[in-house]
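**Student:** 3D, please:
(one chain, ligands or ions: 2)
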Amino acid sequence: YQPQVDAAGRVFGTEALVRWHHPGRGMVPPAEFIPAAEHAGLILPLGAWVLETACQQLVTWSRQPDLARLTVSVKVSVRQVRLPDFVDLVLGILARTGANPHRLKLELTESVLIDDVDQLKIDQSFVRDVLTDPHDASIARTIVALADAMGLAVIAEGVETEAQRDFLHQHGCRSYQGYLIGRPMPA
Ligand code: G
Ligand code: MN
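**Tutor:** Residues are numbered from 1 along each chain as shown. Ligands and ions are numbered 1, 2, ... in the order given. As a prediction, this is how the structure comes out:
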């Protein structure tokens, strides 16, 4: 779980980031095993497991006063969200775990849908060079403007330096996630 903070540095939420602890190969990063899982037809059960595990974690946090309001954000694959029973899957997991749906965020790529989304996220591929690549800076500013225009919240991920955070802050983004704030870590 990687912490997400507001402009004052207070942690308000997390993104669930999955790791595969392989007995022989050690820690396998998602960039390797997600494509493999997609290839092997395992992305749907894997996605359901990640969602359920994150919801269980929400319930665990909800019992600790200091952590009860934490949110968890889960990336959902295009394949998953296109399932005819995707809504039933999510509702079933919420019912089984008893997680508070207000604390759960589903991350979808912009290709899936732009309606009915509460928060836009600036992908780390744009944040990485936001200070040196004028195109990436324009994209980041445009996402903030889009969020403003649509009445949506906005968060940047992949924030690694104070300078990146300051730039984002200056352009109206007030929520951040990235190595500057914290690495993914056990719950
Ligand atoms: O883009 P996506 O959210 O799918 O990428 C997730 C991966 O990015 C995770 O494996 C996580 O460890 C990594 N990550 C999280 N924060 C940062 C960061 O600030 N910098 C870099 N380079 N990678 C990050
Ligand atoms: Mn992410």
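
**Student:** contacts for the helix or strand hosting Ala147, please.
**Tutor:** Per DSSP states H and E, Ala147 falls inside helix 134-150. The contact list for helix 134-150 (CB atoms under 8 Å, 6 or more residues apart in numbering) reads 119-120, 122, 126-131, 152-154, 156, 167-168, 171-173. Where you see a C-beta, it was placed from the backbone N, CA and C, and this is true even at glycine.

**Student:** list the buried ones in that helix?
**Tutor:** Asp136, Ala137, Ile139, Ala140, Arg141, Ile143, Val144, Ala147 (16 or more other CB atoms under 10 Å).

**Student:** let me know the pLDDT of the fifth one.
**Tutor:** Just to be clear, that refers to Arg141. Per-residue pLDDT puts Arg141 at 95.

**Student:** quick one: it and ligand 1, what's the gap?
**Tutor:** 20 Å (CB to the nearest ligand atom, to the nearest Å).

**Student:** before we move on, what about the first one?
**Tutor:** For Asp136, the distance to ligand 1 (CB to the nearest ligand atom) stands at 14 Å.

**Student:** and Thr109, what pLDDT?
**Tutor:** On the pLDDT scale, Thr109 gets 69.

**Student:** could I have the CA atoms of the longest helix seen in the chain written out in PDB?
**Tutor:** What stands out as the longest helix in the chain, according to DSSP state H, is helix 43-62. This file holds the C-alpha atoms of helix 43-62, laid out as PDB (Å, rounded to 0.1, in the frame of the first residue of the first chain):
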ATOM      1  CA  ILE A  43      -6.000 -11.400 -15.000                       C
ATOM      2  CA  LEU A  44      -9.700 -11.700 -14.000                       C
ATOM      3  CA  PRO A  45      -9.300 -14.000 -11.000                       C
ATOM      4  CA  LEU A  46      -6.200 -12.000 -10.000                       C
ATOM      5  CA  GLY A  47      -8.100  -8.700 -10.300                       C
ATOM      6  CA  ALA A  48     -10.900 -10.100  -8.200                       C
ATOM      7  CA  TRP A  49      -8.400 -11.300  -5.500                       C
ATOM      8  CA  VAL A  50      -6.700  -7.900  -5.400                       C
ATOM      9  CA  LEU A  51     -10.000  -6.100  -5.000                       C
ATOM     10  CA  GLU A  52     -11.200  -8.400  -2.300                       C
ATOM     11  CA  THR A  53      -7.800  -8.200  -0.400                       C
ATOM     12  CA  ALA A  54      -8.000  -4.400  -0.600                       C
ATOM     13  CA  CYS A  55     -11.500  -4.400   0.800                       C
ATOM     14  CA  GLN A  56     -10.500  -6.700   3.600                       C
ATOM     15  CA  GLN A  57      -7.700  -4.200   4.400                       C
ATOM     16  CA  LEU A  58     -10.300  -1.400   4.500                       C
ATOM     17  CA  VAL A  59     -12.200  -3.300   7.100                       C
ATOM     18  CA  THR A  60      -9.100  -3.900   9.200                       C
ATOM     19  CA  TRP A  61      -8.300  -0.200   9.000                       C
ATOM     20  CA  SER A  62     -11.900   0.800   9.800                       C
END
